[in-house]
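>>> got a predicted structure plus its sequence, pasted below:
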Amino acid sequence: MIRFDGVTKQYDTGSGTTSVAVDHLSLEAPTGKITVLVGPSGCGKTTTLRMVNRMISPSSGTISIDGRDTASMDVAELRRGMGYVIQHAGLFPHRTVLDNVTTVPRLLGVDKRSARARAMELIERVGLDPDLARRYPAQLSGGQQQRVGVARALAADPPVMLMDEPFSAVDPVVREQLQNEFLRLQSELSKTILFVTHDIDEAVKLGDQVAVLRIGGVLAQLATPATLLSDPVDDFVAGFVGRDRGYRALSFAAAPELRLEPEPTVPLGASAEQVRATGATWVICVGESGEPLGWVRAAAVTESVTRDLLHRGGTVASTDGSLRALLDAALSSPSGRGVVADTEGRFVGTIRASEVVPVIEARQAAST
Ligand SMILES: Nc1ncnc2c1ncn2[C@@H]1O[C@H](COP(=O)(O)OP(=O)(O)OP(=O)(O)O)[C@@H](O)[C@H]1O
């Protein structure tokens, strides 16, 4: 556990003046969990993170790791226990991907062969093609560089990871992939992670708990994502968390077992007669493994069901997904019936928004 106790950082701004970047910060980042620090630009997130590995020293207060005051630890020892990932990855430009990842273990005395073997394993684990290991950072995309940055930070297998906007420099699609991979990796590795971002959606998606900071480095709220969305402590947090919070909070409400409506399905290539025989206006088309491919309007099928006739707008909810996914599937479906698949991705039935809403209302009533 990383523990901040009344930590303050004042920067000397010249001619005898100081400014407070972090103000009496007290919080605990539990072992094996992701704690996200989020807040507007200049609220002291980076300063907070860098005080943990002592790149910046606090003006007052203490930061301890598993009960040991970091101020009394040897800096090299402290940093060995911490991976550090920054925006733009900060890779060594003149070293190959493989050499970037092996740098720290080699410094720690791991022999070359073992360090390389482990690096190759990590390169694959973060979702990179092993062939990229021989390339130089400039020969990689931004998203690939970030993955190398994560692999490099993990190479010495540190219990703690400090991550400063690691996914901010890539486009939204790559960013989402990186976030998903990161969550998958963390579910296997259970590191103690302090993660800085200015993006509340990223904070809510990744954090086991989220610390919202306001300008001046004051902690506004420390809570789980669900609580942050449903119960912001004040106008600042409510404003920062943003719109649609009621709807977004449904992401954290697991879908209950609901009675699903069975539906006739047709395979791709089904004839117009087969489609008409279902008697439905909109019919679900499924793939070879029973996975839903999309709705098809029966009247639009003149010969057979082809891919270009499929309506692509509808989302698919999973039986082990969230209430938000269920509601979204219903609202995005051209038939008004949300498509639900089982955990293997096979179509199991449909549900209407009017059946999901009472569940949401019942949950709300139970929690107040
Ligand atoms: N070396 C420094 N000297 C003086 N002031 C500093 C120094 N570093 C940071 N600051 C100030 O401290 C405050 C907090 O900065 P910090 O970089 O921690 O914020 P941040 O929340 O990470 O911001 P951003 O999201 O823009 O990266 C800012 O007002 C910044 O101008």
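Cool, got the structure.
>>> now for the nearest residue to residue 359 once chain neighbours are set aside, how many residues are close by?
In space, residue 359 comes closest to residue 256 once its chain neighbours are excluded; the distance is 6.0 Å by C-beta to C-beta, 6 or more residues apart in numbering. Every C-beta, even on glycine, is put in place using the N, C-alpha and C of the backbone. Using other C-beta atoms under 10 Å, residue 256 has 11 neighbouring residues.
>>> separation between residue 256 and residue 362?
Computed as C-beta to C-beta, to the nearest Å, the residue 256 to residue 362 distance reads 9 Å.
>>> same check, this time on residue 99
Here the criterion is C-beta to C-beta. By it, residue 99 lies 57 Å from residue 362.
>>> compare those two (neighbour count), which wins?
Each of residue 99 and residue 362 has its neighbours counted (other C-beta under 10 Å); residue 99 has more, 19 against 11.
>>> buried ones in the helix or strand containing that one, by neighbour count?
For residue 99, the host element (DSSP states H and E) is helix 97-107. If you call a residue buried by 16 or more other C-beta atoms under 10 Å, then helix 97-107 has these buried ones: 97-106.
>>> likewise for stretch 169-188?
169-170, 174-175, 178-179, 181-182, 185-186.
>>> does that stretch reach the ligand?
No. For stretch 169-188 and the ligand, the contact criterion (C-beta under 6 Å from any ligand atom) is not met; the two come no nearer than 12.5 Å.
>>> outside of that stretch, which residues touch it?
With contacts defined as C-beta atoms under 8 Å, 6 or more residues apart in numbering, stretch 169-188 is touched by 34, 87-88, 125-127, 141-143, 146-147, 150, 154, 166-168, 193, 202, 205-206.
>>> those residues in helices, which ones?
The helices, defined by DSSP state H, take in 125, 142-143, 146-147, 150, 154, 202, 205-206 from the contacts of stretch 169-188.
>>> domain assignment for the chain?
The chain breaks down into these domains under automatic domain parsing: 2-251, 265-365.
>>> pull up the distance across the shortest one, start to finish.
The straight-line separation of the ends of domain 265-365 (C-alpha to C-alpha, to the nearest Å) is 37 Å.
>>> surely residue 363 touches residue 253?
Yes. Between residue 363 and residue 253 there is a contact under C-beta atoms under 8 Å: 6.2 Å.
>>> joint contacts of the two?
Contact criterion C-beta under 8 Å, 6+ apart; residues shared by residue 363 and residue 253: residue 323.
>>> neighbour count winner among the two?
residue 253 (18 against 14).
>>> looking at it, the more buried one is touching residue 356, isn't it?
No. When contacts are counted by C-beta under 8 Å, residue 253 is not listed as touching residue 356 (10.4 Å).
>>> ok, which stretches of the stretch 1-150 of the chain are strands?
Ranges of strands in the stretch 1-150 of the chain, per DSSP state E, counting those that start in this stretch, are 2-12, 18-29, 34-38, 60-65, 68-69, 82-86.
>>> spit out the contact partners of residue 272.
Counting by C-beta under 8 Å, 6+ apart, residue 272 makes contact with 301-304.
>>> could you identify the most distant pair in the residues you listed?
For these, the maximum inter-member distance is 8.6 Å, found between 302 and 304 (C-beta to C-beta).
>>> the more surrounded of these two?
Neighbour tally, residue 302 and residue 304, criterion other C-beta under 10 Å: the higher count belongs to residue 304, 16 against 7.
>>> surely the more buried one touches residue 267?
No. Applying C-beta under 8 Å, one finds residue 304 not in contact with residue 267, separated by 10.0 Å.
>>> residues from the stretch 51-200 of the chain in reach of the ligand?
residue 198.
>>> what residue ranges in the stretch 51-200 of the chain score low on pLDDT?
Applying pLDDT under 70 to the stretch 51-200 of the chain flags the ranges 108.
>>> among the contacts of residue 272, which are in reach of the ligand?
Contacts with the ligand are made by none of the contacts of residue 272, judged by C-beta under 6 Å from any ligand atom.
>>> nearest to the ligand, of those residues?
Nearest to the ligand out of the contacts of residue 272 is residue 301 (C-beta to the nearest ligand atom; 53.0 Å).
>>> contacting residues for the closest one?
Applying C-beta under 8 Å, 6+ apart to residue 301 gives the contacts 270, 272, 275-276, 309.
>>> now the stretch 151-300 of the chain against the ligand: closest residue?
residue 198 (4.7 Å).
>>> chain center to stretch 323-332: distance?
In terms of C-alpha atoms, centre = their mean, to the nearest Å, the centre of stretch 323-332 is found 20 Å from the chain centre.
>>> beta partners for the closest residue to residue 18 other than its chain neighbours?
Nearest residue to residue 18, sequence neighbours excluded (C-beta to C-beta, 6+ apart): residue 10, at 4.4 Å. For residue 10, the beta-bridge assignment (DSSP bridges) gives partners residue 20.
>>> just list the residues touching residue 10, thanks.
18-21, 59.
>>> quick one, which of these are buried?
Neighbour-count burial within the contacts of residue 10 applies to 20-21, 59; the criterion is 16+ other C-beta under 10 Å.
>>> with distance to residue 93 added, can I get those residues in CSV?
Converted to CSV, the buried ones among the contacts of residue 10 look like this (distance: C-beta to C-beta, whole Å):
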residue, distance to residue 93
20, 36
21, 30
59, 35
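>>> ok, now which ones touch the nearest residue in space to residue 150 that is not next to it in sequence?
Nearest non-adjacent residue to residue 150, counting by C-beta to C-beta, 6+ apart: residue 126, 5.2 Å away. Neighbouring residues of residue 126 by C-beta under 8 Å, 6+ apart: 147-148, 150-151, 154, 181, 185.
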